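>>> this one's structure only:
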């Protein structure tokens, strides 16, 4: 099998990962199998967010059914990692999801036709009437999530669930919104969607099956105040631009070889 050039894929999925060596192998296997069954060519881009546990090595060694790439992002924060990943894509359809694969990947069967039909933004929503949410965290975290979504709804065009880690875009829409992204922390989803809405992009929500996974890095006590401060900056338009650092472009790992085959320069 020859080396397929970067940009050959029609769908690129970004997976931000910080110290995900424990969960990433299963996540890659699940995602790779689902992508291989889609009616279009797809690739995975894992953004290693300054991991110290060999996260990048797992991607390089992975021998799944679709190409996988890894890139390094040393600026800490999920928002920074997602921004770096989205800006490194070239496909006509792009998206991102969490490494724990908490959202059942069967939802891709609904997302892909919507994208191909022209929907500019498609997001999974745990508050969709047809969604199934299992083992939803501790009561205090659930209460916090409800309060959070009431606060941010007007910022993100009335979307009832801005935080589900399962979002997809027409490539040019997603990359343009990512280029304007300023928030590095957990509130980045709100700003990203707000940039899409401000550009006139309609957001379509789809139902999901979502299972809470152990190992979340979010802490109500630790992160609530920073999130509120980020939301205030997003609302008032006083966020500061992220300054992407130059970093190696994603390495391409072809199915069956487990070895990187390309590198270069790109955003990080």
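Structure's in. What do you need? In this text, all values refer to a predicted model and were calculated from it rather than measured experimentally.
>>> all strands of the stretch 51-200 of the chain, in order?
Along the stretch 51-200 of the chain, counting by DSSP state E, counting those that start in this stretch, strands occupy 68-72, 93-97, 121-125, 132-134, 166-170.
>>> partner strands of the first one, with direction?
The pairing partners recorded for strand 68-72 under DSSP bridges are strand 42-48 (parallel), strand 251-253 (antiparallel).
>>> so what's the backbone phi/psi at residue 26?
phi -70, psi -40 (degrees, to the nearest 10).
>>> quickly note the distance from it to residue 208.
According to CB to CB, to the nearest Å, residue 26 and residue 208 sit 19 Å apart. Using the backbone N, CA and C atoms, a C-beta is placed for each residue, glycine as well.
>>> and those two? which has more neighbours close in?
Neighbours per residue, other CB atoms under 10 Å: of residue 26 and residue 208, the larger number sits with residue 208, 27 against 12.
>>> thought that one was touching residue 134?
No. Judged on CB atoms under 8 Å, residue 208 makes no contact with residue 134 at a distance of 10.9 Å.
>>> so residue 12 makes contact with residue 91?
Yes. Contact between residue 12 and residue 91 holds when scored by CB under 8 Å: they sit 4.2 Å apart.
>>> in the stretch 101-250 of the chain, where is pLDDT below threshold?
135-157, 214-250 (pLDDT under 70).
>>> now tabulate the strands paired with strand 68-72 in a markdown table and tack on mean neighbour count, mean pLDDT and distance to residue 188.
Formatted as a markdown table, those follow (neighbours: other CB atoms under 10 Å; pLDDT from 0 to 100; distance: least, CB to CB, whole Å):
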| stretch | mean neighbour count | mean pLDDT | distance to residue 188 |
| --- | --- | --- | --- |
| strand 42-48 | 27 | 98 | 13 |
| strand 251-253 | 23 | 53 | 25 |
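>>> figure out which of the ones you listed is closest to residue 212.
Nearest to residue 212, of all the strands paired with strand 68-72, is strand 42-48, at 22.2 Å by CB to CB.
>>> between strand 93-97 and that closest one, find me the angle.
With axes from the mean of the first three to the mean of the last three CA atoms, to 10 degrees applied, the angle from strand 42-48 to strand 93-97 works out at 50 degrees.
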